[in-house]
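Novice: Got a sequence here, can you model it:
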Amino acid sequence: MRKRDVLERSDEELIACLVGQEAARGLVQQECDLWELGKQSSGRAFLAGMNSECCERIAAAFELARRRERGRGAPRGKLDDPGRAARFFRPMIGAASVEVFCVACLDARNRVLMAAEVTRGTLLSSLVHPREVFHGAILARAASIVVAHNHPSGDPEPSPEDRLVTRRLAEAGRLLGIPLLDHVILGDGRHVSCRESDAQLFNTP
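Specialist: This next block holds a predicted model:
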């Protein structure tokens with residue numbers, strides 16, 4: 001298939017290249033857009049009655065796209081504002097149907113040393129423990145960290161639990177000498193910076 005042909009093809013036609021025309025038509029008939037398809041494929045769900053091999057092909061295509069995006073910003077990329085942080089973390093979190101909490105460890109110039117997923121599931125302060133969040137930062141001798149997680153509902157406004165987690169991590173960062181620069185929450189197409197929305201969370205005694 002030539003590049004020009006790919007650019008001119010519809011979503012259904014491109015999906016058909018992966019799983020066949022019948023399965024692709026079934027997805028379209030279910031009004032399953034690409035965002036929803038990415039969410040389902042991240043969980044390896046059986047889509048539109050497709051067999052496991054077809055589901056794996058869809059999942060692999062979305063994972064390759066996420067890795068490509070992550071590769072664009074990851075190498076020594078700077079996370080010096082919420083927009084850059086959101087663009088960096090979004091491919092890591094993808095379109096997950098559950099909350100995924102990630103951390104990026106930065107050097108003194110806010111460049112990424114390493115990044116990792118900390119936990120997956122419902123965000124609870126008991127699950128997002130400072131020990132797990134700062135473990136990699138200590139090993140990497142990071143100067144600071146930025147954390148992020150997603151809201152599967154699509155609304156990135158911080159919840160009371162989000163604020164509690166942010167305050168706990170800010171306090172732990174102060175004690176360790178590895179400050180928390182920001183906690184970015186991702187929604188559908190937009191994000192919220194906890195530092196910008198409530199700077200008091202970072203003003204620990």
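Novice: Isn't A143 up against L106?
Specialist: Yes. The pair A143 / L106 is scored as a contact, 6.0 Å apart, by C-beta atoms under 8 Å. Just so you know, the C-beta spots here come from the backbone N, C-alpha and C atoms, and that holds for glycine as well.
Novice: Between those two, which has more neighbouring residues?
Specialist: L106 (25 against 18; other C-beta atoms under 10 Å).
Novice: In contact with that one, which residues?
Specialist: 79, 112-113, 142-146, 181 (C-beta atoms under 8 Å, 6 or more residues apart in numbering).
Novice: same thing with C105?
Specialist: 112-115, 136-137, 140, 142, 145.
Novice: Take the contacts of L106 and keep only those in strands.
Specialist: Cross-referencing the contacts of L106 against strands under DSSP state E gives 112-113, 144-146, 181.
Novice: got those residues as JSON lines, with distance to G20 and neighbour count columns?
Specialist: Below are the ones in strands among the contacts of L106 laid out as JSON lines (distance: C-beta to C-beta, whole Å; neighbours: other C-beta atoms under 10 Å):
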{"residue": "V112", "distance to G20": "39", "neighbour count": "21"}
{"residue": "L113", "distance to G20": "43", "neighbour count": "17"}
{"residue": "S144", "distance to G20": "48", "neighbour count": "19"}
{"residue": "I145", "distance to G20": "45", "neighbour count": "26"}
{"residue": "V146", "distance to G20": "42", "neighbour count": "26"}
{"residue": "L181", "distance to G20": "47", "neighbour count": "24"}
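Novice: nearest to E171, of those?
Specialist: I145 (13.3 Å; C-beta to C-beta).
Novice: Quick check, pLDDT for the closest residue to that closest one other than its chain neighbours.
Specialist: Excluding the flanking residues, the one nearest I145 by C-beta to C-beta, 6 or more residues apart in numbering is A137, at 5.1 Å. pLDDT for A137: 95.
Novice: what sits against A137?
Specialist: Contacts for A137 (C-beta under 8 Å, 6+ apart) come out as 103, 105, 145, 176, 178.
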